[in-house]
Each structure stands twice: as C-alpha cells, then as structure tokens.
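>>> this one's sequence-less:
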C-alpha cells in the first residue's frame, strides 16, 4: 500500500488548526481523493479562539477560513462570482428565449411547421460546437478572459435584438448560429474561472449556484414573456415575442460592459482594480497551498497530452450522459400547451420546476462540498432523473403522476454542478486541462443536443413521444456507470503516481515542474 508523506513539521493551516506530520493510507480515501482518516489536532494555548460563524458562512465555506482568507474570498465573490451569475443568467436567457417565443405567437407569425423549432436549436448548437474549444484556447494563449468574454457577450446581445426583426425562419437560423458561436466562450470560460479562484471546499456550491443562474433565467424568461405578452403585445406594431428579444438584449449589454472590470483574469496575471499588490501575492500563495497549478504555455504537445490522456474522456462521459438524461424538462411547455393552458401559464408554470432545480442544486453542492462524496451525490441526483423518465416513458398514468415526473426531472437536472466541481478537483494539477475540460464536454453535449431532439422529440409527435424517455433512462444509467469509471481511474492514479495532500485535505497528483 503506497503512503504519502504530507508534512515534515507542524504548521498552521487556514483550513484547520495546527496539522502535524502524518501519512495518508491510499486505501482510506473517499471516491474524490479526499483524505478520510482522523487528523490529530493540537490546540495550543496561544492559538486564537475561533469566532463562531453564522450558518450562511458555514454553508458558503467561509467559516473555517482566517480573516485574511475571508476578506480575499469576499472580494472574489463580490466581483467575479456576482458577474458570472449575471453573465450566465443572460447567456441562458438568450439561449432559451426562442422556446418562450415559439409558444407565444412566433410559430403563428412566421408560419413555422414540422421540426423547424428543433432546427432553431440545432443551428444554435452548431455555433456552440464550432466555437467552444477555439475560444478556450484563445483565452489560454492570446486574449485575457476579461476582454474576450464581455466582447462576445456584447456581440451576441446585439444579435438577439436583431431576432426581433426577423421576417422568416431562415433569418432566425442565421442569427441563432452566430448567437451560439459567440455564446460558446461563456459557460466553459465561467467554469474555468471559478475553478481557478476557489478552493475545493468552496467550489461545489458556487458552481451549483452559477449553473442555477440558468434555471433562474428560465424562470425570469417565463415571467418576462408573460408580462410582455400581456402588456406590450401589439404595441408599436410588434408582437410580444419580438419585444422579449429586445428586452433581453437591453438587459445583457450593460452586464457585458461591467465584465471588462469585474473579471480578474487568473491569479497569476490578475490586474483587477479591487486587489492590492499584497492581495495579488497572497492569491498566488493560496493557489500553491491548495495544489492549484497556474497555466503554462499552450503548445501542441500539451494539447496532445490533454486529448490523449484519460482525465478528459473519463470526465466527459458522465458529464454528457447527465445532460442527455435531463432533456425532459425542455418539453414540459409543449405538454402544457397541448393541455390547452393559456400562453401566460405555459410560460410561468415551468418556472416552479426551475425554482426546484435551484434549491436542489444548492443542496447537492453543499452536501458534496461538506462530505467530499461527489460521486454518491451525483448518482443520487441521477436516480431522480431515471425515476422521472420512467414515469414519462410509461405516459399513460394519472395526470398527477405526469405532473410529478416533469417537476421531479428538474431535481435530477441539479446534478451537473457536482460533476463539474469533481472534474476541477481531479485536474487541479493541470490548468490547461481544467480550461478545456468543460469546453470539450460541451462540444459533445451540444452535439447530442443538436441531433437528439430531432430524432427523439419530433415536434409533430408532441407531447407524447414514442421512445424518447426510454432513451433518457438509458442515458441516466450510463451516467451512473460513468461516475464509477471516473472514480476507479482517479483512485488508480493516486495509488500509482507521485501525490501530495493539500491543506484543504485533497490528494492531488504532484506534477512538479514537468514539461507541458
């Protein structure tokens, strides 16, 4: 059994009191590489007493930090995290507003038929697929994220406004493609920024909340479209769905402009106005302590290393499967429309499911951060998705069961942040891999999203589909299998490679100064 020497002498940690020298038995790790053995604590008389923190501080991962760390993380939360929440809110709003428009008069105004609704999603997804990895490579090598991401946000917001003037579906196809292309930098870029600034015990719940900005945007879009349809439909000669595109654009542009100042880039090269020189130096020390490697020069050799290694593909498999398994809620509004609910209710009822998703994402993220058991947490959420899809596959059940299944599928969709946080943890030693991890995963996710709805959810079959939910059940089972594979490969690496335990208790591969 391999052993890891952790420290040569006791020293004070900001994550715990005095931690003496110890060894970690590689057979006593959680599935995510967290040391699970008892750590002896020597509480000295001279040690400052810990100030009792509120429950919000404990849940948010700040209660165990010293004053300096809390102040530093507070700044990252105030500027970077708040901007990412707003940015992803707008990104999701502009991605999904086409669905609200479709059930709010666009179908009739533009005389859409057949699978044209799905084709609008497909063209958007093609733009995402083409742009995702190149955008992340550009961020690594040429343009800082504080410049690239806000610029792309401004461009896609302008294109969203142009959707309001579309006279035919062909114009929308072109606009949706370029909106997807410029949006491709955002989600993986936001995820990589979070993975570069937060420690493992702080990351899961923040990624959960970040991702749920998308669910919040779905809620907002429903209420916004309902309000615009009621108050502005026909005003100025424009339908309510056209006013929605205009409103979304006007919301997005100011947020994008703020991003030029709010994004601090990365700890090793930040020029953020809100960090002092001492805080910039502290940020570098902090990343070193938690085992978070700084980016190295991106070369073809490093690209080959990333795409021929197991980490990327073992992460992508469960990441893509949970996304595919969670397609059900996207078609909730079509069932509501078939049930003859009003336009306002078709737009607002699914927002309750989005609220449910937000709540459970925070619950799952907090549990995963506190316990270190990301695999088991992710699998519990996947079981929720499987149960919901089983009911929807049966279909001919009491209507109350269908209501339950649609809403329960939102609970299962809260799983993805746990997978992403786990991916960042197992790749702490490799900044380039972290940057491309979610980006490459998104290529596969959107590739499936560009094809699966057309094959499994043809518009002319709505709201009951022949075998769509049966396939989603299969994806859910594969997602669970994928987490076990990822866990096995990671624990095997820890048992065979040179490793070290960070002060946050995470066992990481020690790459040292090896070449990229």
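Nice, I can see it. As the structure is a computational prediction, the values presented were derived from the model and not from experiment.

>>> where does the spatially most central residue of the chain land on pLDDT?
Residue closest to the average C-alpha location in the chain (CA atoms, centre = their mean): residue 211, at 4.3 Å. If you check residue 211, the pLDDT there is 81.

>>> who's in contact with residue 480?
318, 379, 382-383 (CB atoms under 8 Å, 6 or more residues apart in numbering). All C-beta spots, glycine's among them, are computed from the backbone N, C-alpha and C.

>>> now, among these, which is nearest to residue 478?
Nearest to residue 478 among these: residue 318, at 8.0 Å, using CB to CB.

>>> My understanding was that the residue nearest to the centre of the chain contacts residue 417; is that so?
Yes. With contact defined as CB atoms under 8 Å, residue 211 reaches residue 417; the gap is 4.7 Å.

>>> Give me the common contacts of those two.
Overlap of the contact sets of residue 211 and residue 417 (by CB under 8 Å, 6+ apart) consists of residue 361.

>>> quick one, helices of the stretch 251-400 of the chain?
Assigned by DSSP state H, counting those that start in this stretch, the helices in the stretch 251-400 of the chain fall at 277-289, 300-308, 310-325, 332-338, 343-348, 350-371, 374-394, 399-412.

>>> circling back to that earlier point, work out for me the element the residue nearest to the centre of the chain sits within.
helix 200-231 (DSSP states H and E).

>>> Any idea how many residues pack against residue 446?
Neighbour count for residue 446, taken as other CB atoms under 10 Å: 24.

>>> ok, and it, which helix or strand is that part of?
Using DSSP H and E, residue 446 sits in helix 431-456.

>>> tell me the angle the following helix or strand past that helix makes with helix 310-325.
Following helix 431-456 in sequence order, the next helix or strand is helix 468-496 (DSSP H and E). With axes from the mean of the first three to the mean of the last three CA atoms, to 10 degrees applied, the angle from helix 468-496 to helix 310-325 works out at 160 degrees.

>>> what about helix 468-496, distance to the chain center?
18 Å (CA atoms, centre = their mean, to the nearest Å).

>>> got the contact list for the closest residue to residue 327 other than its chain neighbours?
Leaving aside its sequence neighbours, residue 327 sits nearest to residue 472 (CB to CB, 6 or more residues apart in numbering; 6.1 Å). By CB under 8 Å, 6+ apart, residue 472 lies in contact with 324-328, 385, 389, 392-393, 456.

>>> same deal with residue 101?
Neighbour list for residue 101: 225, 241, 244-245 [criterion: CB under 8 Å, 6+ apart].

>>> Counting neighbours, which of those end up buried?
Among these, those classed as buried by 16 or more other CB atoms under 10 Å are 225, 241, 244-245.

>>> From the residues you listed, which land in strands?
Secondary structure from DSSP state E places none of those in strands.

>>> burial of the residue nearest to residue 145 when sequence neighbours are not counted, as a residue count?
Nearest residue to residue 145 in three dimensions, chain neighbours excluded: residue 139, at 5.1 Å (CB to CB, 6+ apart). Residue 139: 26 surrounding residues under other CB under 10 Å.

>>> these two touch, right, residue 139 and residue 186?
No. Residue 139 is beyond contact range of residue 186, at 11.3 Å (criterion: CB under 8 Å).
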